[in-house]
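**Q** build the 3D model from these lines:
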Amino acid sequence: MTEGQEIIKPKKVRDSNMELLRLVAMFLVLVVHANFRALPVPGMTHVHNNPSSAFLMFMTEAFSIYAVNLFVLLSGWYGIRFKAKRLGELIFQVLFFGLFAIGVCAIFAPEELQTDVLSRLFILGQNDYWFVKAYIALYLLSPVLNAYIEKASARQFGWLLIGFFAFQFLFGWVYESTRWLVAGYSLPSFIGLYLLARYMRLHPIKLWKLNRWCDLAIYLAIVAFLTITMFVIKQHGGRGGALYFYICPLVILGAMHLLLFFSKFSFHSRVINWLALSAFGAYLTQSSSFIGGRFYDDILLNWFNNEPRCEFILYSSLLVIGVFFGSILIDKVRILLWNLMTTLWSRCSLAH
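**A** The predicted structure follows:
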């Protein structure tokens, strides 16, 4: 290099294998919400009268219940690096999709805008984007968590995880006696998953080094176990709902091995990375308090009650795929607006 020549740092390229997992996780969010959020959980009568339908529903839940855990584990795998600009972009993304949903309601369902519009737009209600609020809190706490991770030895870190998950297992899952764990819909659960993924990445042990097909086999074995066990429990009139909690040990273990399976591939795809950049938009569309119920849950429930099974599966699959890719395309508009805003802000700052 000659004197005075500028050093150009290579642009960081995202790992497409893990970006594909991000897409899978967001797609599974839509699937799991299309199942036991939109549709009634099969009870004993359903299992006895239509066992194949009930079994398929339990299997769908068992395949997709790892979605939220996967998304948080991905954040822990790479580690969150707190940046005010990134936090601002996340908040802008939430507001953008909120305004988009309001626009849809204004055209197709104006009655949805009669109450609590501003509260729902700014996610102030108890049920408004619970994931967003828990993730923002995790993001804000990430510098503290990262400071501990950097200082702790592998032994200290390991014992912390054992203590946390033992507490969560006993008081959150077995006895459900700790309300602030709420089946995994909570900040403490996100913290545990974040720390777990950081430990997996920084302190590899034999369990993490299995052949990737072993990881996939473990995930599939957990899917099969959850499906069959839930079917049998419901067949005898039991509840069994805790098997599909995010804090269920098997759900956490399944998410871990699905993460490890994808981590053991290595490839680059501009298309995958481009799609994954906007994957979160799928959740923001489908879980919107303005349109999620009316244009997703209600439609699926209507098809479930009135269409033959094959048609229901076809229609619901098309809806899930359409919402997924449609949301990604909508988010590309959001990215253009955000880039325009930040460019204008930078120019104004330089001018002053």
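**Q** what about the closest residue to residue 184 other than its chain neighbours, which helix or strand?
**A** Once flanking residues are discounted, residue 184 sits nearest to residue 246: 2.6 Å by C-beta to C-beta, 6 or more residues apart in numbering. To be clear about C-beta, it is placed using only N, CA and C from the backbone, and glycine gets the same treatment. Assessed by DSSP states H and E, residue 246 sits outside every helix and strand.
**Q** quick check: residue 246 vs residue 285, distance?
**A** 21 Å (C-beta to C-beta, to the nearest Å).
**Q** kindly report the same for residue 225.
**A** 32 Å.
**Q** what residues sit buried inside stretch 82-95?
**A** 89, 93, 94 (16 or more other C-beta atoms under 10 Å).
**Q** residue 139: neighbour count?
**A** Applying other C-beta atoms under 10 Å, we find 17 residues neighbouring residue 139.
**Q** repeat that for residue 174.
**A** Residue 174: 11 neighbours (other C-beta under 10 Å).
**Q** do residue 255 as well
**A** 27.
**Q** what does residue 343 give?
**A** Neighbours of residue 343 (other C-beta under 10 Å): 10.
**Q** before we move on, what about residue 148?
**A** Counted with other C-beta under 10 Å, residue 148 comes out at 13.
**Q** that one and residue 196, how far apart?
**A** 14 Å.
**Q** before we move on, what about residue 306?
**A** Counting by C-beta to C-beta, the gap from residue 306 to residue 196 is 43 Å.
**Q** so which of the two has more stuff around it?
**A** Neighbour count, other C-beta under 10 Å: between residue 306 and residue 196, residue 196 has more, with 23 against 9.
**Q** residue 31 sits in which helix or strand?
**A** Going by DSSP H and E, residue 31 is in helix 16-32.
**Q** model confidence over the lengthiest helix in the chain, on average?
**A** Looking only at the chain and at elements set by DSSP state H, the helix with the highest residue count is helix 309-351. Helix 309-351 shows a mean pLDDT of 93.
**Q** mean confidence (pLDDT) on the helix or strand containing residue 72, please.
**A** If you go by DSSP H and E, residue 72 is part of helix 67-78. When pLDDT is averaged along helix 67-78, the result is 97.
**Q** helix, strand, or coil at residue 128?
**A** Counting by DSSP: H, G, I helix; E, B strand; the rest coil, the backbone at residue 128 sits in coil.
**Q** give me the distance between the two termini of stretch 117-137.
**A** 23 Å (C-alpha to C-alpha, to the nearest Å).
**Q** quick one: that stretch to chain centroid distance?
**A** 15 Å (C-alpha atoms, centre = their mean, to the nearest Å).
**Q** for it, buried residues please.
**A** 120, 121, 123, 128, 129, 130, 131, 132, 134, 135, 136.
**Q** strands - which of those land there?
**A** Here DSSP state E is the test, and these give no hits in strands at all.
**Q** including pLDDT and distance to residue 16, could these go into CSV?
**A** Supplementary listing: the buried residues of stretch 117-137 in CSV, determined by pLDDT from 0 to 100; distance: C-beta to C-beta, whole Å:
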residue, pLDDT, distance to residue 16
120, 93, 36
121, 94, 34
123, 94, 31
128, 91, 33
129, 95, 28
130, 95, 30
131, 96, 24
132, 97, 26
134, 96, 27
135, 97, 23
136, 97, 27
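**Q** just to revisit the earlier point, for the residue nearest to residue 184, give its distance to residue 49.
**A** 30 Å.
**Q** with residue 91 instead?
**A** Following C-beta to C-beta, the distance that separates residue 91 from residue 49 is 48 Å.
**Q** residue 197 and residue 71 touch, don't they?
**A** No: the pair residue 197 and residue 71 does not pass the contact test of C-beta atoms under 8 Å, sitting 10.7 Å apart.
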